[in-house]
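Asker: take this sequence and fold it.
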Amino acid sequence: MRSCDPRPSVGRPRSTEADQAIIDATLDLFAAHGYDGVTIEAVAENAGVARSTIYRRFPTKAELLMAALEATTPAEGLMPDTGSLEDDLFQLAVNLRQLLRSSRLGRVLPAALAARSIHPELAALHENFIRRRRKRSIEIVRRAIERAEIRQDTDPEILIDAVVGPLFFRKLLSGGRIDDRALRQFAKAAVDAHRIDR
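Answerer: Here you go, the predicted model:
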């Protein structure tokens with residue numbers, strides 16, 4: 001009598017090489033041609049995979065693009081904890097500047113911002129992405145409130161915006177300087193506006 005194998009059957013393991021190839025192809029097409037220039041067919045051809053491989057991972061084009069953006073912005077390692085709010089904000093700005101300069105994010109971000117303004121399905125996913133990432137930066141401000149560095153009624157989101165807003169504005173629009181001196185000034189101005197002794 002043939003014995004039964006009690007172990008559940010499993011499918012073929014997901015290929016990390018295929019995952020990376022899909023992400024790379026998506027980012028390349030997105031940067032070169034924008035949202036409308038990204039098609040599952042083109043991604044599949046450039047990545048060397050079947051269309052079904054992509055659809056199994058990403059049911060919609062918007063989900064594919066957001067997964068590609070997620071891959072350009074590592075969640076860990078960006079949020080410092082120096083014990084000083086000004087130093088934390090300065091280091092956060094330095095990390096973001098490095099990300100914009102050295103990764104694909106800087107190349108695809110203009111296309112992503114343009115796309116979200118006219119494609120509601122992408123805008124909704126992008127808002128969720130930003131909300132998740134902002135939770136980590138907001139913790140920097142909450143720690144400072146607990147240390148009594150700044151006022152209890154400080155709105156963490158407004159304070160974070162006061163630092164990263166000028167950075168993104170200069171990077172994407174004005175072309176203004178974003179050297180260490182400028183980033184330090186952004187951080188200092190944001191903290192000074194919320195100090196307890198004001």
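
Asker: the longest helix anywhere in the chain: which residues count as buried?
Answerer: Counting residues, the longest helix in the chain under DSSP state H turns out to be helix 120-146. The neighbour-count criterion (16 or more other CB atoms under 10 Å) identifies 122, 125, 126, 129, 137, 138, 140, 141, 144, 145 as the buried residues of helix 120-146. C-beta coordinates here come from the backbone N, C-alpha and C atoms, glycine included.

Asker: closest to the centroid, which residue in the protein?
Answerer: Most central in the chain under CA atoms, centre = their mean is residue 73, positioned 4.2 Å from the mean C-alpha point.

Asker: tell me the contacts of the residue lying closest to residue 154 once chain neighbours are set aside?
Answerer: Ranked by CB to CB, 6 or more residues apart in numbering and with sequence neighbours excluded, the top spatial neighbour of residue 154 is residue 194, at 4.6 Å. Listed by CB atoms under 8 Å, 6 or more residues apart in numbering, the contact partners of residue 194 are 150, 151, 154, 159.

Asker: go again using 10 Å as the cut-off
Answerer: Under the criterion of CB atoms under 10 Å, 6 or more residues apart in numbering, the neighbours of residue 194 are 85, 141, 144-145, 149-151, 153-156, 158-159, 162.

Asker: can you give me the angle the helix or strand of the chain with the lowest mean pLDDT makes with helix 120-146?
Answerer: Between all helices and strands in the chain, the lowest mean by mean pLDDT, DSSP states H and E belongs to helix 105-116, at a mean of 79. Between helix 105-116 and helix 120-146, the angle formed by their directions is 120 degrees, by axes from the mean of the first three to the mean of the last three CA atoms, to 10 degrees.

Asker: now for helix 105-116, which elements pack on it?
Answerer: If you count contacts as 3 or more CB pairs under 10 Å, 6 or more residues apart in numbering; DSSP states H and E, helix 105-116 packs onto helix 16-33, helix 61-72, helix 85-102, helix 120-146.

Asker: number of residues surrounding residue 196?
Answerer: The local packing of residue 196 (other CB atoms under 10 Å) involves 11 other residues.

Asker: got the confidence number for the closest residue to it other than its chain neighbours?
Answerer: Nearest non-adjacent residue to residue 196, counting by CB to CB, 6+ apart: residue 151, 5.5 Å away. Residue 151 carries a pLDDT score of 95 in this model.

Asker: only the buried subset of the contacts of residue 194, as a PyMOL command please.
Answerer: Taking 16+ other CB under 10 Å as the burial criterion, the selection of buried members of the contacts of residue 194 in PyMOL is written as:
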select buried, resi 85+141+144+145+149+150+154+156+159+162
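
Asker: closest to residue 54 among the contacts of residue 194?
Answerer: Minimum distance to residue 54 across the contacts of residue 194 is 37.8 Å, recorded for residue 156 (CB to CB).
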